[in-house]
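1. What follows is a predicted protein model with its sequence.
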Amino acid sequence: MFICKHGIIQDVVLCFRGAVESIRAIADATTAETFSTEVVQRLMAACDTLRVSAAVFTKMNCGQQTAEAHRDCAFGLRLLGSKVTDIEEKHRYLLDGLSHMQLAVALQEHVVLRDQRLFAPQEVNKVCSFRIQLSR
């Protein structure tokens, strides 16, 4: 089970981090124009893990982590799309990646709006005026 008695989703977080590191390692090590079958399978497995992580984070109402999982999945799918030679696969990976990135952005916007509502109106005005001063 993913959830311990204190509500910590340790297994999901570990799998999430492992998938992210796997994608980053592949991205950093890749110089070839195409991926081997093994690398494609590793990337697909990492993206699947991130999809599952996003679903679990959603059920746990962890908006920030859900957005991060979708963002990282989008990165892995874009990486896949950039290296496959089959045009249909390329389009499928890139469109799927775009969908995950759109979800990540929408979730981030929701998190920011929720956090803004937690501030009292005076605090929001102070933060906004501070930002205006910094931008000058």
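-> Sure, I can see it. Remember, it's a predicted structure, so these values are computed and weren't measured experimentally.
2. The lengthiest helix in the chain - contacts with which helices or strands?
-> Counting residues, the longest helix found in the chain (DSSP state H) is helix 87-118. With contacts defined as 3 or more Cβ pairs under 8 Å, 6 or more residues apart in numbering; DSSP states H and E, the packing partners of helix 87-118 are helix 63-83. For the C-beta atoms, the positions are set from N, CA and C on the backbone; glycine is no exception.
3. So for the helix it packs on, mean pLDDT?
-> Helix 63-83 shows a mean pLDDT of 94.
4. list the buried ones in the longest helix of the chain?
-> If you call a residue buried by 16 or more other Cβ atoms under 10 Å, then helix 87-118 has these buried ones: Tyr93, Leu94, Asp96, Gly97, His100, Met101, Leu103, Ala104, Leu107, Gln108.
5. closest to Asp115 among those?
-> When the buried residues of helix 87-118 are compared for distance to Asp115 (Cβ to Cβ), Gln108 wins out at 10.6 Å.
6. and the gap between the closest residue to that closest one other than its chain neighbours and Ala106?
-> Spatially, and ignoring its direct neighbours in sequence, Gln108 is nearest to Ala67 (4.8 Å; Cβ to Cβ, 6 or more residues apart in numbering). Note on Ala67: its distance to Ala106, by Cβ to Cβ, to the nearest Å, is 8 Å.
7. and if you look at Thr49?
-> From Thr49 to Ala106 the distance is 21 Å (Cβ to Cβ).
8. Same check on Val52?
-> For Val52 relative to Ala106 (Cβ to Cβ), the value is 19 Å.
9. Ok, Leu50 next?
-> When Cβ to Cβ is the yardstick, Leu50 and Ala106 sit 17 Å from each other.
10. coming back round to it: could you dump the buried residues of helix 87-118 into JSON lines with distance to Leu79 added?
-> Output for the buried residues of helix 87-118, formatted as JSON lines (distance: Cβ to Cβ, whole Å):
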{"residue": "Tyr93", "distance to Leu79": "9"}
{"residue": "Leu94", "distance to Leu79": "10"}
{"residue": "Asp96", "distance to Leu79": "12"}
{"residue": "Gly97", "distance to Leu79": "9"}
{"residue": "His100", "distance to Leu79": "12"}
{"residue": "Met101", "distance to Leu79": "13"}
{"residue": "Leu103", "distance to Leu79": "18"}
{"residue": "Ala104", "distance to Leu79": "16"}
{"residue": "Leu107", "distance to Leu79": "21"}
{"residue": "Gln108", "distance to Leu79": "21"}
